[in-house]
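Student: A structural model of the following input is requested.
(one chain, ligands or ions: 1)
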Amino acid sequence: MTGQQQTEHLEREAGHLAPGASDEAAAGRRVFAEGHGPVLTDLDGNQYLDFAAGTLTQSLGHGHPEVVEALTAQARRLWNVHDSATPGRAALLELLARLLPERLDTYALLSTGAEAVEAALRVVQATAEPGRNRIGALRGGFHGKTMGARMLVHWDVGHQAFAGNSVLGYSAYCYRCPLELSHPSCGLRCASLVRRHIAAKPNVSALVFEPVLGAAGIVVPPAGYWEQIAEACRANGVLLVADEVLTGGGRTGTFLASERFGIEPDLVTLSKGLASGFPFAVLAGRADLLHHPAASVPGAYSATYGGNPLGIAAARATLEVVERDRLVERVRVLGDRLHERLAALPARFENLGDVRGLGLLYGLEFVTDRQSRAPAPHIARAVYTTALDLGLRVALGGHILRLAPPFTLDEPLLDEGVTLLERALEQVLS
Ligand SMILES: Cc1ncc(COP(=O)(O)O)c(C=O)c1O
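Tutor: Next comes the predicted model:
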(Lines give C-alpha, C1' and ligand atoms only; values in the text may rest on other atoms or scores of the structure.)
Protein backbone atom coordinates (compact mmCIF):
# COMPACT_ATOMS: atom_id res chain seq x y z
CA MET A 1 0.00 0.00 0.00
CA THR A 2 1.12 3.51 -0.71
CA GLY A 3 1.98 5.03 2.69
CA GLN A 4 0.92 8.35 4.18
CA GLN A 5 3.91 10.45 3.18
CA GLN A 6 3.81 9.15 -0.36
CA THR A 7 0.08 9.79 -0.69
CA GLU A 8 0.54 13.38 0.44
CA HIS A 9 3.40 13.87 -1.97
CA LEU A 10 1.45 12.41 -4.92
CA GLU A 11 -1.54 14.64 -4.13
CA ARG A 12 0.74 17.67 -3.99
CA GLU A 13 2.26 17.09 -7.42
CA ALA A 14 -1.00 16.03 -9.11
CA GLY A 15 -2.09 19.65 -9.53
CA HIS A 16 0.80 20.39 -11.89
CA LEU A 17 2.21 17.18 -13.33
CA ALA A 18 1.25 16.39 -16.93
CA PRO A 19 -0.83 13.21 -17.10
CA GLY A 20 0.12 10.18 -19.18
CA ALA A 21 2.29 8.36 -16.64
CA SER A 22 3.46 4.87 -17.55
CA ASP A 23 1.24 1.97 -16.46
CA GLU A 24 3.71 1.10 -13.73
CA ALA A 25 3.98 4.59 -12.25
CA ALA A 26 0.19 5.04 -12.39
CA ALA A 27 -0.56 1.64 -10.85
CA GLY A 28 2.32 1.64 -8.38
CA ARG A 29 1.81 5.12 -6.89
CA ARG A 30 5.09 5.00 -5.06
CA VAL A 31 7.54 7.79 -4.33
CA PHE A 32 10.97 6.22 -4.47
CA ALA A 33 13.49 8.05 -2.35
CA GLU A 34 16.67 5.94 -2.52
CA GLY A 35 18.25 3.06 -4.37
CA HIS A 36 21.22 1.00 -3.26
CA GLY A 37 22.26 -2.08 -5.19
CA PRO A 38 19.12 -4.13 -5.94
CA VAL A 39 17.02 -2.41 -3.25
CA LEU A 40 14.79 0.67 -3.53
CA THR A 41 13.36 2.53 -0.55
CA ASP A 42 10.21 4.65 -0.73
CA LEU A 43 9.37 7.84 1.14
CA ASP A 44 7.63 5.88 3.91
CA GLY A 45 10.66 3.64 4.39
CA ASN A 46 9.33 0.51 2.63
CA GLN A 47 11.88 -1.50 0.67
CA TYR A 48 11.63 -3.26 -2.69
CA LEU A 49 13.81 -5.65 -4.62
CA ASP A 50 14.09 -3.90 -7.98
CA PHE A 51 13.54 -6.51 -10.69
CA ALA A 52 12.91 -3.77 -13.23
CA ALA A 53 16.41 -2.34 -12.66
CA GLY A 54 15.21 1.27 -12.82
CA THR A 55 14.01 1.37 -16.45
CA LEU A 56 16.13 -1.67 -17.34
CA THR A 57 19.01 0.74 -16.86
CA GLN A 58 20.57 -0.39 -13.58
CA SER A 59 22.61 -3.37 -14.75
CA LEU A 60 24.88 -2.81 -11.74
CA GLY A 61 21.98 -2.03 -9.43
CA HIS A 62 21.36 1.42 -8.00
CA GLY A 63 24.18 3.73 -6.98
CA HIS A 64 27.09 1.40 -7.72
CA PRO A 65 29.99 2.86 -5.70
CA GLU A 66 32.38 2.97 -8.65
CA VAL A 67 29.86 4.79 -10.83
CA VAL A 68 29.02 7.22 -8.01
CA GLU A 69 32.73 7.86 -7.49
CA ALA A 70 33.35 8.45 -11.22
CA LEU A 71 30.35 10.78 -11.53
CA THR A 72 31.23 12.72 -8.38
CA ALA A 73 34.84 13.18 -9.44
CA GLN A 74 33.72 14.30 -12.91
CA ALA A 75 31.09 16.65 -11.42
CA ARG A 76 33.89 18.47 -9.61
CA ARG A 77 35.89 18.86 -12.84
CA LEU A 78 33.76 19.56 -15.94
CA TRP A 79 30.18 19.13 -17.15
CA ASN A 80 29.75 20.31 -20.73
CA VAL A 81 31.99 21.52 -23.55
CA HIS A 82 29.72 20.45 -26.44
CA ASP A 83 31.40 17.60 -28.33
CA SER A 84 34.98 18.73 -27.71
CA ALA A 85 37.32 15.98 -26.59
CA THR A 86 37.64 15.42 -22.85
CA PRO A 87 40.14 13.16 -21.07
CA GLY A 88 37.75 10.20 -20.54
CA ARG A 89 36.52 9.96 -24.11
CA ALA A 90 39.33 7.99 -25.71
CA ALA A 91 39.21 5.37 -22.96
CA LEU A 92 35.44 4.96 -23.38
CA LEU A 93 35.75 4.56 -27.15
CA GLU A 94 38.45 1.90 -26.68
CA LEU A 95 36.29 0.13 -24.13
CA LEU A 96 33.33 0.08 -26.53
CA ALA A 97 35.61 -1.31 -29.21
CA ARG A 98 36.60 -4.17 -26.89
CA LEU A 99 33.02 -5.00 -25.92
CA LEU A 100 31.36 -4.74 -29.33
CA PRO A 101 31.90 -6.94 -32.40
CA GLU A 102 34.97 -5.89 -34.38
CA ARG A 103 33.07 -4.57 -37.40
CA LEU A 104 31.23 -2.03 -35.21
CA ASP A 105 34.28 0.09 -34.52
CA THR A 106 32.98 3.67 -34.86
CA TYR A 107 30.77 5.42 -32.32
CA ALA A 108 28.63 8.52 -32.05
CA LEU A 109 27.96 9.51 -28.44
CA LEU A 110 24.43 10.71 -27.62
CA SER A 111 22.13 10.83 -24.63
CA THR A 112 18.83 9.00 -25.23
CA GLY A 113 17.68 5.91 -27.06
CA ALA A 114 15.42 7.82 -29.45
CA GLU A 115 18.27 10.21 -30.22
CA ALA A 116 20.46 7.26 -31.21
CA VAL A 117 17.66 5.84 -33.40
CA GLU A 118 17.31 9.22 -35.12
CA ALA A 119 21.07 9.35 -35.70
CA ALA A 120 20.91 5.86 -37.23
CA LEU A 121 18.05 6.94 -39.52
CA ARG A 122 20.09 9.95 -40.66
CA VAL A 123 23.02 7.69 -41.54
CA VAL A 124 20.68 5.43 -43.51
CA GLN A 125 19.12 8.43 -45.26
CA ALA A 126 22.51 9.93 -46.10
CA THR A 127 24.05 6.73 -47.44
CA ALA A 128 21.06 5.15 -49.23
CA GLU A 129 21.27 4.69 -52.97
CA PRO A 130 18.88 6.94 -54.93
CA GLY A 131 15.41 5.42 -54.95
CA ARG A 132 15.89 3.49 -51.73
CA ASN A 133 13.65 5.83 -49.79
CA ARG A 134 11.75 3.40 -47.55
CA ILE A 135 12.66 1.87 -44.21
CA GLY A 136 11.62 -1.58 -43.02
CA ALA A 137 10.53 -2.26 -39.46
CA LEU A 138 8.79 -5.09 -37.61
CA ARG A 139 5.32 -5.22 -36.12
CA GLY A 140 5.51 -4.72 -32.39
CA GLY A 141 8.92 -3.03 -32.50
CA PHE A 142 9.43 0.01 -30.29
CA HIS A 143 12.02 2.61 -31.17
CA GLY A 144 11.19 5.76 -29.22
CA LYS A 145 8.96 8.80 -29.24
CA THR A 146 10.63 11.18 -31.67
CA MET A 147 9.00 11.50 -35.07
CA GLY A 148 11.58 9.50 -37.04
CA ALA A 149 11.24 6.67 -34.54
CA ARG A 150 7.43 6.99 -34.58
CA MET A 151 7.52 6.30 -38.28
CA LEU A 152 8.59 2.77 -37.37
CA VAL A 153 6.22 2.18 -34.46
CA HIS A 154 2.63 1.34 -35.26
CA TRP A 155 1.10 -0.09 -32.15
CA ASP A 156 1.37 1.81 -28.90
CA VAL A 157 -0.14 5.23 -29.65
CA GLY A 158 -2.53 6.03 -32.45
CA HIS A 159 -2.30 2.59 -34.07
CA GLN A 160 -1.47 3.86 -37.49
CA ALA A 161 1.60 4.75 -39.44
CA PHE A 162 2.16 8.46 -39.11
CA ALA A 163 4.72 8.80 -41.86
CA GLY A 164 4.31 6.98 -45.12
CA ASN A 165 7.72 5.65 -45.91
CA SER A 166 8.07 2.70 -43.58
CA VAL A 167 7.10 -0.85 -44.42
CA LEU A 168 6.28 -3.43 -41.78
CA GLY A 169 7.23 -7.08 -41.57
CA TYR A 170 6.01 -9.86 -39.30
CA SER A 171 7.62 -10.46 -35.93
CA ALA A 172 7.91 -14.00 -34.66
CA TYR A 173 5.32 -13.54 -31.93
CA CYS A 174 4.55 -17.23 -31.63
CA TYR A 175 2.12 -16.93 -28.71
CA ARG A 176 -0.05 -14.65 -30.87
CA CYS A 177 1.02 -15.64 -34.34
CA PRO A 178 -0.23 -12.94 -36.72
CA LEU A 179 -0.56 -15.65 -39.37
CA GLU A 180 -2.44 -17.96 -37.01
CA LEU A 181 0.10 -20.72 -37.43
CA SER A 182 2.03 -22.76 -34.87
CA HIS A 183 5.74 -23.18 -34.48
CA PRO A 184 7.49 -25.35 -35.68
CA SER A 185 4.93 -26.65 -38.18
CA CYS A 186 4.66 -23.07 -39.59
CA GLY A 187 8.12 -23.48 -41.13
CA LEU A 188 8.80 -19.87 -40.05
CA ARG A 189 6.37 -18.42 -42.53
CA CYS A 190 6.68 -15.00 -40.84
CA ALA A 191 10.39 -14.94 -41.71
CA SER A 192 9.85 -16.10 -45.27
CA LEU A 193 7.25 -13.37 -45.81
CA VAL A 194 9.67 -10.72 -44.53
CA ARG A 195 12.38 -12.21 -46.73
CA ARG A 196 10.16 -12.16 -49.81
CA HIS A 197 9.07 -8.63 -49.07
CA ILE A 198 12.66 -7.47 -48.83
CA ALA A 199 13.56 -9.17 -52.09
CA ALA A 200 10.51 -7.72 -53.85
CA LYS A 201 10.98 -4.10 -52.73
CA PRO A 202 14.09 -2.56 -54.24
CA ASN A 203 13.25 0.75 -52.54
CA VAL A 204 13.97 -0.44 -48.97
CA SER A 205 17.23 0.96 -47.61
CA ALA A 206 17.37 -0.57 -44.12
CA LEU A 207 15.58 -2.82 -41.70
CA VAL A 208 15.37 -1.30 -38.21
CA PHE A 209 14.61 -4.02 -35.68
CA GLU A 210 14.79 -5.14 -32.10
CA PRO A 211 16.39 -8.62 -32.10
CA VAL A 212 14.04 -9.41 -29.21
CA LEU A 213 10.94 -7.21 -29.00
CA GLY A 214 11.20 -5.38 -25.70
CA ALA A 215 8.31 -3.02 -25.02
CA ALA A 216 5.93 -5.38 -26.83
CA GLY A 217 6.60 -7.98 -24.16
CA ILE A 218 9.99 -9.71 -24.59
CA VAL A 219 9.19 -11.61 -27.76
CA VAL A 220 12.07 -13.98 -28.51
CA PRO A 221 12.13 -15.29 -32.08
CA PRO A 222 12.75 -18.99 -32.68
CA ALA A 223 16.01 -20.26 -34.19
CA GLY A 224 16.13 -19.63 -37.91
CA TYR A 225 14.01 -16.45 -37.97
CA TRP A 226 16.92 -14.02 -37.94
CA GLU A 227 19.13 -16.14 -40.19
CA GLN A 228 16.55 -15.93 -42.99
CA ILE A 229 15.88 -12.22 -42.60
CA ALA A 230 19.49 -11.16 -42.13
CA GLU A 231 20.48 -13.20 -45.17
CA ALA A 232 17.76 -11.55 -47.28
CA CYS A 233 18.91 -8.09 -46.18
CA ARG A 234 22.50 -8.89 -47.11
CA ALA A 235 21.54 -10.31 -50.48
CA ASN A 236 19.44 -7.26 -51.33
CA GLY A 237 21.69 -4.46 -50.09
CA VAL A 238 19.42 -3.61 -47.15
CA LEU A 239 21.25 -2.31 -44.06
CA LEU A 240 20.64 -4.10 -40.76
CA VAL A 241 20.02 -1.55 -38.02
CA ALA A 242 19.70 -3.32 -34.67
CA ASP A 243 17.92 -1.26 -32.06
CA GLU A 244 19.56 -2.63 -28.93
CA VAL A 245 18.61 0.29 -26.71
CA LEU A 246 16.96 -2.24 -24.39
CA THR A 247 18.80 -5.50 -25.14
CA GLY A 248 22.35 -4.13 -25.51
CA GLY A 249 24.95 -4.03 -22.76
CA GLY A 250 24.78 -7.70 -21.76
CA ARG A 251 21.18 -8.17 -20.61
CA THR A 252 20.48 -11.14 -22.90
CA GLY A 253 23.71 -12.99 -22.04
CA THR A 254 25.84 -11.61 -24.87
CA PHE A 255 26.89 -7.97 -25.06
CA LEU A 256 24.52 -7.53 -28.00
CA ALA A 257 21.43 -9.70 -28.45
CA SER A 258 22.33 -9.68 -32.16
CA GLU A 259 25.39 -11.81 -31.36
CA ARG A 260 23.20 -14.44 -29.80
CA PHE A 261 21.12 -14.72 -32.96
CA GLY A 262 24.08 -14.62 -35.33
CA ILE A 263 23.04 -11.24 -36.78
CA GLU A 264 25.85 -8.98 -37.98
CA PRO A 265 24.27 -5.52 -37.92
CA ASP A 266 25.66 -2.54 -39.79
CA LEU A 267 24.45 -0.04 -37.21
CA VAL A 268 23.45 -0.58 -33.58
CA THR A 269 21.77 1.74 -31.10
CA LEU A 270 22.54 1.28 -27.40
CA SER A 271 21.46 3.12 -24.29
CA LYS A 272 19.76 1.56 -21.27
CA GLY A 273 22.54 -0.80 -20.22
CA LEU A 274 25.39 1.62 -20.72
CA ALA A 275 25.60 4.20 -17.96
CA SER A 276 23.70 3.00 -14.87
CA GLY A 277 20.71 5.24 -15.50
CA PHE A 278 22.62 8.39 -16.41
CA PRO A 279 21.26 9.64 -19.78
CA PHE A 280 23.67 8.21 -22.32
CA ALA A 281 23.40 6.50 -25.70
CA VAL A 282 25.66 5.29 -28.47
CA LEU A 283 25.21 4.77 -32.17
CA ALA A 284 27.75 2.11 -33.08
CA GLY A 285 28.46 1.35 -36.69
CA ARG A 286 30.70 0.25 -39.48
CA ALA A 287 33.41 2.82 -40.08
CA ASP A 288 32.58 3.18 -43.76
CA LEU A 289 28.98 4.12 -42.91
CA LEU A 290 29.66 6.60 -40.12
CA HIS A 291 32.56 8.09 -42.11
CA HIS A 292 30.58 8.26 -45.35
CA PRO A 293 30.97 11.85 -46.64
CA ALA A 294 27.21 12.37 -46.83
CA ALA A 295 26.68 11.07 -43.29
CA SER A 296 29.58 12.81 -41.59
CA VAL A 297 29.02 16.44 -42.53
CA PRO A 298 30.14 18.89 -39.82
CA GLY A 299 27.96 18.55 -36.73
CA ALA A 300 26.35 15.34 -37.98
CA TYR A 301 26.70 13.50 -34.68
CA SER A 302 26.91 16.38 -32.22
CA ALA A 303 24.13 17.40 -29.82
CA THR A 304 23.89 19.58 -26.70
CA TYR A 305 24.30 16.68 -24.30
CA GLY A 306 25.80 14.11 -26.68
CA GLY A 307 28.98 12.69 -25.20
CA ASN A 308 28.97 15.10 -22.26
CA PRO A 309 31.74 14.40 -19.73
CA LEU A 310 29.35 13.20 -17.00
CA GLY A 311 27.72 10.68 -19.33
CA ILE A 312 31.12 9.49 -20.46
CA ALA A 313 32.23 9.06 -16.83
CA ALA A 314 29.09 7.08 -15.95
CA ALA A 315 29.33 4.88 -19.05
CA ARG A 316 33.01 4.24 -18.61
CA ALA A 317 32.66 3.27 -14.95
CA THR A 318 29.64 1.05 -15.69
CA LEU A 319 31.21 -0.76 -18.62
CA GLU A 320 34.54 -1.18 -16.86
CA VAL A 321 32.73 -3.06 -14.10
CA VAL A 322 30.78 -5.12 -16.65
CA GLU A 323 34.05 -6.07 -18.36
CA ARG A 324 36.22 -6.58 -15.27
CA ASP A 325 33.65 -8.60 -13.30
CA ARG A 326 32.66 -10.66 -16.35
CA LEU A 327 29.04 -9.73 -15.78
CA VAL A 328 27.82 -10.86 -19.18
CA GLU A 329 28.83 -14.42 -18.24
CA ARG A 330 27.14 -13.89 -14.92
CA VAL A 331 23.91 -12.92 -16.75
CA ARG A 332 23.97 -16.32 -18.45
CA VAL A 333 24.40 -18.17 -15.14
CA LEU A 334 21.71 -16.18 -13.34
CA GLY A 335 19.53 -16.31 -16.45
CA ASP A 336 19.55 -20.13 -16.45
CA ARG A 337 18.42 -20.11 -12.84
CA LEU A 338 15.72 -17.53 -13.51
CA HIS A 339 14.51 -19.53 -16.51
CA GLU A 340 14.22 -22.70 -14.46
CA ARG A 341 12.09 -21.00 -11.80
CA LEU A 342 9.85 -19.05 -14.19
CA ALA A 343 9.27 -21.93 -16.59
CA ALA A 344 7.47 -23.81 -13.82
CA LEU A 345 4.89 -21.06 -13.30
CA PRO A 346 2.42 -21.42 -16.23
CA ALA A 347 1.57 -24.97 -15.11
CA ARG A 348 0.45 -23.52 -11.77
CA PHE A 349 -1.44 -20.45 -12.94
CA GLU A 350 -4.09 -20.72 -15.65
CA ASN A 351 -4.02 -16.97 -16.33
CA LEU A 352 -0.31 -16.94 -16.98
CA GLY A 353 -0.50 -17.68 -20.67
CA ASP A 354 3.14 -17.43 -21.61
CA VAL A 355 6.55 -16.95 -20.01
CA ARG A 356 9.49 -16.25 -22.29
CA GLY A 357 12.83 -14.59 -22.30
CA LEU A 358 16.56 -15.01 -22.27
CA GLY A 359 19.43 -13.94 -20.04
CA LEU A 360 18.03 -11.61 -17.40
CA LEU A 361 15.09 -10.43 -19.50
CA TYR A 362 11.71 -12.12 -19.18
CA GLY A 363 8.11 -11.38 -20.09
CA LEU A 364 5.03 -12.84 -18.40
CA GLU A 365 1.86 -12.59 -20.44
CA PHE A 366 -1.50 -12.67 -18.65
CA VAL A 367 -4.71 -13.88 -20.30
CA THR A 368 -8.33 -14.22 -19.25
CA ASP A 369 -8.20 -17.92 -20.17
CA ARG A 370 -5.94 -20.32 -22.02
CA GLN A 371 -8.37 -20.93 -24.90
CA SER A 372 -9.15 -17.38 -26.00
CA ARG A 373 -5.78 -15.98 -24.92
CA ALA A 374 -7.56 -12.64 -24.49
CA PRO A 375 -5.13 -10.16 -22.91
CA ALA A 376 -5.82 -9.56 -19.21
CA PRO A 377 -4.31 -6.20 -18.24
CA HIS A 378 -6.36 -6.12 -15.02
CA ILE A 379 -4.62 -9.31 -13.86
CA ALA A 380 -1.16 -8.06 -14.79
CA ARG A 381 -1.88 -4.86 -12.89
CA ALA A 382 -3.15 -6.73 -9.82
CA VAL A 383 -0.05 -8.97 -9.78
CA TYR A 384 2.13 -5.91 -10.21
CA THR A 385 0.61 -3.96 -7.31
CA THR A 386 0.48 -7.06 -5.08
CA ALA A 387 4.16 -7.73 -5.79
CA LEU A 388 4.96 -4.13 -4.88
CA ASP A 389 3.09 -4.49 -1.62
CA LEU A 390 5.14 -7.62 -0.91
CA GLY A 391 8.40 -5.79 -1.68
CA LEU A 392 9.14 -6.63 -5.32
CA ARG A 393 9.21 -4.15 -8.18
CA VAL A 394 8.87 -5.48 -11.73
CA ALA A 395 7.92 -3.63 -14.94
CA LEU A 396 4.29 -3.38 -16.11
CA GLY A 397 3.02 -2.69 -19.62
CA GLY A 398 -0.57 -3.60 -20.53
CA HIS A 399 -1.15 -7.30 -19.89
CA ILE A 400 2.55 -8.08 -19.63
CA LEU A 401 4.98 -7.99 -16.73
CA ARG A 402 8.67 -7.78 -17.50
CA LEU A 403 11.47 -8.97 -15.27
CA ALA A 404 14.93 -7.48 -15.72
CA PRO A 405 16.93 -7.71 -12.49
CA PRO A 406 20.43 -6.22 -12.11
CA PHE A 407 23.39 -8.38 -13.18
CA THR A 408 24.99 -7.97 -9.77
CA LEU A 409 22.40 -9.98 -7.82
CA ASP A 410 23.49 -13.03 -5.90
CA GLU A 411 21.59 -16.31 -6.16
CA PRO A 412 19.68 -15.98 -2.84
CA LEU A 413 18.34 -12.56 -3.84
CA LEU A 414 17.36 -13.82 -7.29
CA ASP A 415 15.47 -16.67 -5.61
CA GLU A 416 13.90 -14.26 -3.13
CA GLY A 417 12.59 -12.08 -5.97
CA VAL A 418 11.01 -15.05 -7.74
CA THR A 419 9.51 -16.27 -4.47
CA LEU A 420 7.91 -12.83 -3.94
CA LEU A 421 6.54 -13.00 -7.47
CA GLU A 422 5.09 -16.46 -6.80
CA ARG A 423 3.44 -15.17 -3.65
CA ALA A 424 1.90 -12.29 -5.61
CA LEU A 425 0.62 -14.74 -8.23
CA GLU A 426 -0.84 -16.96 -5.50
CA GLN A 427 -2.57 -14.02 -3.84
CA VAL A 428 -4.11 -12.74 -7.05
CA LEU A 429 -4.83 -15.96 -8.90
CA SER A 430 -5.50 -18.69 -6.31
C1 LIG B 1 14.27 -0.68 -28.21
C2 LIG B 1 14.09 0.75 -27.81
N3 LIG B 1 14.46 1.72 -28.66
C4 LIG B 1 14.35 3.02 -28.35
C5 LIG B 1 13.83 3.40 -27.14
C6 LIG B 1 13.73 4.87 -26.81
O7 LIG B 1 14.66 5.20 -25.83
P8 LIG B 1 14.47 6.57 -25.00
O9 LIG B 1 13.29 6.40 -24.12
O10 LIG B 1 15.77 6.67 -24.23
O11 LIG B 1 14.33 7.65 -26.00
C12 LIG B 1 13.44 2.44 -26.21
C13 LIG B 1 12.88 2.83 -24.91
O14 LIG B 1 12.37 2.06 -24.15
C15 LIG B 1 13.56 1.07 -26.56
O16 LIG B 1 13.17 0.10 -25.71
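
Student: Would you mind measuring from residue 237 to the ligand?
Tutor: 24 Å (CB to the nearest ligand atom, to the nearest Å). (Each C-beta comes from the backbone N, C-alpha and C, glycine too.)

Student: Leaving out sequence neighbours, find the closest residue to that residue.
Tutor: Counting by CB to CB, 6 or more residues apart in numbering, residue 129 is the residue found nearest to residue 237 once chain neighbours are left out, at 7.4 Å.

Student: secondary structure class for that neighbour?
Tutor: Here residue 129 is recorded as coil under DSSP: H, G, I helix; E, B strand; the rest coil.

Student: Going forward, count from 580.
Tutor: Yes, from this point I'll number from 580; that puts the last item at residue 708.

Student: The residue in the stretch 630-779 of the chain positioned nearest to the ligand: what's it in contact with?
Tutor: Nearest residue of the stretch 630-779 of the chain to the ligand (CB to the nearest ligand atom) works out as residue 692 at 2.2 Å. For residue 692, the contact set (CB atoms under 8 Å, 6 or more residues apart in numbering) comprises 722-723, 822, 824-825, 848, 850-851, 860.

Student: same for the ligand: which of those residues are within range?
Tutor: Applying CB under 6 Å from any ligand atom to the contacts of residue 692, one finds that 722-723, 822, 824-825, 850 fall near the ligand.

Student: Quick one: residues in contact with the helix or strand bottoming out on mean pLDDT in the chain.
Tutor: None of the helices or strands of the chain scores lower by mean pLDDT, DSSP states H and E than strand 745-748, at a mean of 79. Identification of contacts with strand 745-748 by CB under 8 Å, 6+ apart yields 713-718, 730-731, 733, 740, 769, 772-773, 776-777, 780, 783, 786, 808.

Student: ok, back up a step: which residue, other than its chain neighbours, is closest to the residue of the stretch 630-779 of the chain closest to the ligand?
Tutor: Nearest one to residue 692, counting by CB to CB, 6+ apart, is residue 824 at 3.6 Å.

Student: go on, residue 902?
Tutor: Per CB to CB, 6+ apart, closest to residue 902 is residue 678, 6.4 Å.

Student: Assign residue 929 to helix, strand or coil.
Tutor: At residue 929 the chain is in coil, as set by three-state DSSP.

Student: how far away is it from the ligand?
Tutor: Taking CB to the nearest ligand atom as the measure, residue 929 falls 30 Å from the ligand.

Student: who touches that residue in this structure?
Tutor: 948-949, 1008.

Student: give me phi/psi at it?
Tutor: For residue 929, the backbone dihedrals (degrees, to the nearest 10) come out as phi -60, psi -40.

Student: Quick check: the residue nearest the centre of the chain vs residue 600, distance?
Tutor: Nearest residue to the geometric centre of the chain (CA atoms, centre = their mean): residue 825, 1.6 Å. Look at residue 825 and residue 600: by CB to CB, to the nearest Å, they are 20 Å apart.

Student: which parts of the stretch 680-829 of the chain sit against the ligand?
Tutor: So the stretch 680-829 of the chain meets the ligand at 691-693, 696, 721-723, 789, 793-794, 822, 824-825 (CB under 6 Å from any ligand atom).

Student: With that, I have no additional questions.
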